[in-house]
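Engineer: Predicted structure and sequence below. I'll ask about it afterward.
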Amino acid sequence: MEQPELVGRWQADMPGQAGPIVLELAPHPEWDGTVKGRILRPGFSAIVVGDVHQGQLTMEESRDGSKVSGNWSGEVVDGSCAREIRGEWTDEADRPFAFTLRKPP
C-alpha cells in the first residue's frame, strides 16, 4: 500500500469509542507521499496526518491543529487489496484501543 491507496474515505470500527468514526484523507499539500485529512467523531472532528510505509500505517491526530491528541499505528491486512487496516489507536492518556479501518467500495 502506498499513499494513493490511503487517499479517500475510511470507516473506523473502534470498540470502546463512540461511533461512527470516519476518516477523510487527501494527499498532504506539503509532504510528498503522506496524507492529511479529518477524522469525524460524534461531537467533534480532528486533523490527521500520516503515511503508510511497507504496509505499516502511522498517523497523528490533533484536535487543535498543534498538539497530538491520538496516535494511529496499524498494518494493512493481507488479501484485503489495501482496503482494510488493523491496529491500535492511543489517546492523550496513552490508553490503547484496537481499530479496524475499512475503505468502502
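Structural biologist: In hand now; what should we look at?
Engineer: So Arg98 is in contact with Trp72, correct?
Structural biologist: To be clear, residue 98 is Ala; Arg isn't right here. No: contact between Ala98 and Trp72 fails when scored by C-beta atoms under 8 Å: they sit 11.5 Å apart. In short, each C-beta sits where N, CA and C put it, glycine included.
Engineer: Tell me which of these two has more neighbours.
Structural biologist: When Ala98 and Trp72 are compared for neighbours, Trp72 comes out ahead with 21 against 14, by other C-beta atoms under 10 Å.
Engineer: Name the residues of the helix or strand hosting Thr100 that are buried.
Structural biologist: Thr100 is located in strand 96-102, with elements delineated by DSSP states H and E. Going by neighbour count (16 or more other C-beta atoms under 10 Å), the buried part of strand 96-102 is 99-101.
Engineer: Alpha carbons of it, in CSV - could you do that?
Structural biologist: Only the C-alpha atoms of strand 96-102 are listed here, as CSV (Å, rounded to 0.1, in the frame of the first residue of the first chain):
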residue,chain,number,x,y,z
PRO,A,96,-4.8,1.8,23.7
PHE,A,97,-7.9,1.0,21.6
ALA,A,98,-7.9,-1.6,18.8
PHE,A,99,-9.2,-0.4,15.5
THR,A,100,-10.2,-1.6,12.1
LEU,A,101,-10.2,0.8,9.2
ARG,A,102,-12.2,-0.2,6.1
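Engineer: for the record, mean pLDDT for that strand?
Structural biologist: What strand 96-102 shows for mean pLDDT is 96.
Engineer: And that strand, what does it pack against?
Structural biologist: Counting by 3 or more C-beta pairs under 8 Å, 6 or more residues apart in numbering; DSSP states H and E, the packing neighbours recorded for strand 96-102 are strand 8-13, strand 70-76, strand 84-91.
Engineer: Would you mind telling me which of these is nearest Pro42?
Structural biologist: strand 8-13 (12.1 Å; C-beta to C-beta).
Engineer: neighbouring strands for that closest one, and are they parallel or not?
Structural biologist: Partners of strand 8-13 in the sheet, by DSSP bridges, are strand 21-27 (antiparallel), strand 96-102 (antiparallel).
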